[in-house]
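Visitor: Predicted model, plus sequence, below.
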Amino acid sequence: MWIFGGRSAPGDPSETCVGRIVAWMIAQQILNGLITGSVYALFALGFTLVFSVNRVLNLAHGAVFMSAALLSYYLVMIGTPFVIAAAVATVVAGGISMVVEFVALRRLRRFSPHVMEFAALVTTLGADIVLVSLAHKLTAAQTVRFPFGTFPNQFFLLFGLRISLLQIIIVLSVACMLSFLVFYLYRTSAGLRLRAVASSDRASLLLGINPNAVYAQTFFISGIMAGIAGVLIALSFNSINAHMGESYMLKTFVIIVLGGLGSVPGCVLAALFFGVAQTLCVAYLPPGSADIILYALLFGMLLVRPAGLMGNAANISVVGRNA
């Protein structure tokens, strides 16, 4: 090895080796970030879907997310196989979301849109507090964890990058839910009714569509998405507590603003970008700087493009509803 002034000479094999190691490390972090962003996308999509159709911010979405994680834990603890426990927990999460819609929002729709939008923030926040308080009592304010061996801890190599079986399941789950959502919205009669209600609930009544049934379906699908995300996150970090949904709600607000309010494609792209950016910041920057950079990025986006990456000031909705 030739050394000039304490540095390796150009073309030194050691430099090539170091460069490859650095490139591999960055690629590994990007892969991890994309998987994290996939879960963010699944969580945020349910939130975005409700906003697109109902024009309300469901602040109980994080509590539904937490409820699915907690229920799956207790089902596993009584001996239920994890796959069955996860399926039951996600369906129950969809049911909880429907109950939130029926109790907290349905009666508000008789008021004007401006009154409803503010009242919905209060009622869904109240539902969130109720669910979190129940979980707080149930867990005695403790963090609970799945027993060791609940899910196989296997790893594989993908193009030289390390990926776990759980990460593969996460990607497949998110891909399946995205495919289902696109199929549901654009290839089914239920999706056509949903888009009609999103465009105008009054006009949909003249067409014989029951808006309340569509709202219930929307909240059920949103709850299912939150439930799947909750179970996957709980399994990934093996940490479940009553307040676990709060941090994800905060991240979701950043994602839907970056992507564009009501835009499904924008939500997915923003979630993937957010996941990669967060992972890289945590890995290579000083502790605590990730949040500073990401929220500064949000502030800059609002200044430059308030409607988000794929939003439009005149029409911010994947289903064609005018703002």
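Guide: Arrived safely, thanks for sending.
Visitor: Make sure Ala86 is actually in contact with Ser72.
Guide: Yes - contact status for Ala86 versus Ser72: in contact at 5.4 Å, counting by Cβ atoms under 8 Å. To be clear about C-beta, it is placed using only N, CA and C from the backbone, and glycine gets the same treatment.
Visitor: okay, these two: which has more neighbours?
Guide: More neighbours surround Ser72 than the other of Ala86 and Ser72, with 30 against 27 (other Cβ atoms under 10 Å).
Visitor: Which residue comes closest to the more buried one once chain neighbours are left out?
Guide: Nearest residue to Ser72, sequence neighbours excluded (Cβ to Cβ, 6 or more residues apart in numbering): Ala89, at 3.9 Å.
Visitor: if I look at Ala86 and Ser72, which residues touch both of them?
Guide: Residues within reach of Ala86 and of Ser72 at once, by Cβ atoms under 8 Å, 6 or more residues apart in numbering, are Val231.
Visitor: tell me, how many neighbours does the nearest residue to Pro113 once chain neighbours are set aside end up with?
Guide: Computed as Cβ to Cβ, 6+ apart, the closest residue to Pro113 that is not its neighbour in sequence is Arg55, at 6.9 Å. The number of residues packed around Arg55, counting by other Cβ under 10 Å, is 18.
Visitor: Please identify which helix or strand holds the residue nearest the centre of the chain.
Guide: Central residue of the chain (Cα atoms, centre = their mean): Phe43, 1.9 Å from the mean position. Per DSSP states H and E: Phe43 is located in helix 13-54.
Visitor: And that helix, what does it pack against?
Guide: helix 61-77, strand 161-164, helix 165-187, helix 189-199, helix 211-237, helix 244-259, helix 264-284 (3 or more Cβ pairs under 8 Å, 6 or more residues apart in numbering; DSSP states H and E).
Visitor: just the angle between it and helix 61-77, please?
Guide: Interaxial angle of helix 13-54 relative to helix 61-77 (axes from the mean of the first three to the mean of the last three Cα atoms, to 10 degrees): 110 degrees.
Visitor: Could you report the pLDDT at Thr80?
Guide: Thr80 is assigned 91 on the pLDDT scale.
Visitor: what sits against it?
Guide: Val88 are the contacts of Thr80 under Cβ under 8 Å, 6+ apart.
Visitor: how about it, phi and psi?
Guide: phi -70, psi 130 (degrees, to the nearest 10).
Visitor: how close does it get to Leu165?
Guide: 20 Å (Cβ to Cβ, to the nearest Å).
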